[in-house]
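Q: Provided below for reference: sequence and predicted model.
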Number of protein chains: 2
Amino acid sequence: MELQQIKYFLALSEELHFWKTSERMFITQSALSRQIKALEAELGVQLFERSKRTVKLTEAGMFLRDRWHPMLDEINRVHMQARKIHEGASGFIRMGYPGL
Amino acid sequence: MELQQIKYFLALSEELHFWKTSERMFITQSALSRQIKALEAELGVQLFERSKRTVKLTEAGMFLRDRWHPMLDEINRVHMQARKIHEGASGFIRMGYPGL
DNA sequence: TAAAAATACTCCATAGGTATTTTAT
DNA sequence: ATAAAATACCTATGGAGTATTTTTA
C-alpha cells in the first residue's frame, strides 16, 4: 500500500469516474484502473462497485475515504512543519558562519 | 514520499545504525542508505546527522519520528477496520444466498 | 586498521503508456 | 453504436543487490 495509490483512490472516490480521474491525476485510465485494482488486492478490501457503466464506493470504500482523507492532509501539514524546522536549523548554522 | 520509506526511517530512528536497521528491514545497508537519502531529498529536510561513525536524528528528524509513528499505527488500525467491514459485507451477501 | 556509511554498477520488478477488448446502455 | 472499464503487451524508471570506496575513531 503506497501513498500514491491512496491519492489515486481519494481522487476516484470524488469523481467516481475512471477517465476523469485519470486526467486529473495525469495518468491514463488504464494505469489508474490497475492501481486501484492492486490496492484492493493488497488491502483485501473491495473499494468500488463497478457495474460497467457506473462506479460507486462500497461501504468499506466510504470508510477508507473518510479516514484517509484527513490523514493525507495531516501528512502534508507535518511535512511543512518539518521543513520549517529544517530551515530554521540550517538558517541558524548559516548565521554562525557569516560570510560563507 | 512513500510509506515504505517512512517505515525505513522509523526503524532507523530507533536503531540509529544503518547495518542493524537494514537487517531488521530485510534489505541491504546500501539500499537503506539510498532510500533514506531519497526521502531526505524529496522532503527537502535532513533527517539524520552522519558523522561517519555515528548516526543521530536532527531536530526535524525527531519531529517527524514523533508524528509519523502514530500515523502509521493509525493506518494499520484503519486497514484492519476496513477489512472487517469488507468481510461483514461479503458475509452478508453470502447469507443472502444460502447454499452457494 | 576496523567499523560503518556512501557510491558505482548492474539487474529486475513494476508503474505507466498504447492499443485493444469487453460490457452495459 | 457508444461510453466506460478492464486487459494484453511493451517500455522505462527506480528499487534492490554486490562489490568497492571513503572516512574517522
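A: Everything's here; your move.
Q: which other helices and strands contact the worst-scoring helix or strand of chain A on mean pLDDT?
A: Counting by mean pLDDT, DSSP states H and E, chain A has its least confident helix or strand at helix A:59-96, which shows a mean of 88. Under the contact criterion of 3 or more C-beta pairs under 8 Å, 6 or more residues apart in numbering or on different chains; DSSP states H and E, helix A:59-96 touches helix A:3-15, helix B:29-43, helix B:59-96. The C-beta positions use only the backbone N, C-alpha and C, and glycine is treated the same way.
Q: try 10 Å
A: helix A:3-15, helix A:29-43, strand A:48-50, strand A:55-57, helix B:29-43, helix B:59-96 (3 or more C-beta pairs under 10 Å, 6 or more residues apart in numbering or on different chains; DSSP states H and E).
Q: and the third one, does that touch DNA strand D?
A: Yes: for strand A:48-50 and DNA strand D, the contact criterion (C-beta under 7 Å from any atom of the strand) is met by A:Arg50.
Q: can that strand be found next to DNA strand C?
A: No: judged by C-beta under 7 Å from any atom of the strand, strand A:48-50 and DNA strand C are separated, with a smallest distance of 8.9 Å.
Q: that strand: partners in the sheet, and parallel or antiparallel?
A: When pairs are called by DSSP bridges, strand A:48-50 turns out to pair with strand A:55-57 (antiparallel).
Q: I'd like the average pLDDT over the strand it pairs with.
A: Across strand A:55-57, the average pLDDT comes to 95.
Q: same deal with stretch A:32-49?
A: Per-residue scores along stretch A:32-49 average to 96.
Q: doesn't B:Gly44 make contact with A:His86?
A: Yes: taking contacts as C-beta atoms under 10 Å, A:His86 lies within contact range of B:Gly44: 7.1 Å.
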